[in-house]
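Student: Got a predicted structure here, sequence first:
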Amino acid sequence: MLDWNDYRAQLKDRVGDLAGLSPDTVKGFVTLDRAGARTSHLGAKVRELISLAVAVTTRCDGCIAVHSKAAVEHGATREEIAEALGVAIAMNTGAALTYSARVLDAVDRLEG
């Protein structure tokens, strides 16, 4: 497994390098990332739990590193994190189920 603290630090450095090369790109990302905090209808903990579920479904290690730390800092428990991950697992299997139905439809179109 990764040393997530080291990975997070390295990622921050590399994103800093990218910010130097393409400041508007990183600035745009930061603007999007902070947009939810401005309204705060969900609250920071819920946003971080959603971020973790999305990180799993998009397979983003950097997102896992950053949002795991933030979720814990905002008071998320291991049980709450596990529940959010359960949603991610269900969504991934749901997507596989949906796309399996699409495959059957595509095959049926070939035969018909």
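Tutor: Done, it's in.
Student: hey, where'd the helices end up in this structure?
Tutor: Using DSSP state H, the helices of the chain run over residues 4-21, 23-39, 44-58, 61-73, 78-111.
Student: Run through the residues that contact the residue positioned nearest the centre of the chain.
Tutor: Centroid check for the chain by CA atoms, centre = their mean gives residue 55 as the closest residue, at 2.3 Å. Neighbour list for residue 55: 63-64, 67 [criterion: CB atoms under 8 Å, 6 or more residues apart in numbering]. Every residue, glycine included, has its C-beta placed from N, CA and C.
Student: Let's have those residues in TSV, adding neighbour count and pLDDT.
Tutor: Putting the contacts of residue 55 into TSV (neighbours: other CB atoms under 10 Å; pLDDT from 0 to 100) gives the following:
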residue	neighbour count	pLDDT
63	16	96
64	19	97
67	23	97
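Student: Let me have those in CSV, extended by distance to residue 24.
Tutor: Listed next are the contacts of residue 55 as CSV, based on distance: CB to CB, whole Å:
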residue, distance to residue 24
63, 21
64, 26
67, 24
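Student: Looking at these, spot the one nearest residue 34.
Tutor: Of all those, residue 34 sits closest to residue 67, with 14.0 Å by CB to CB.
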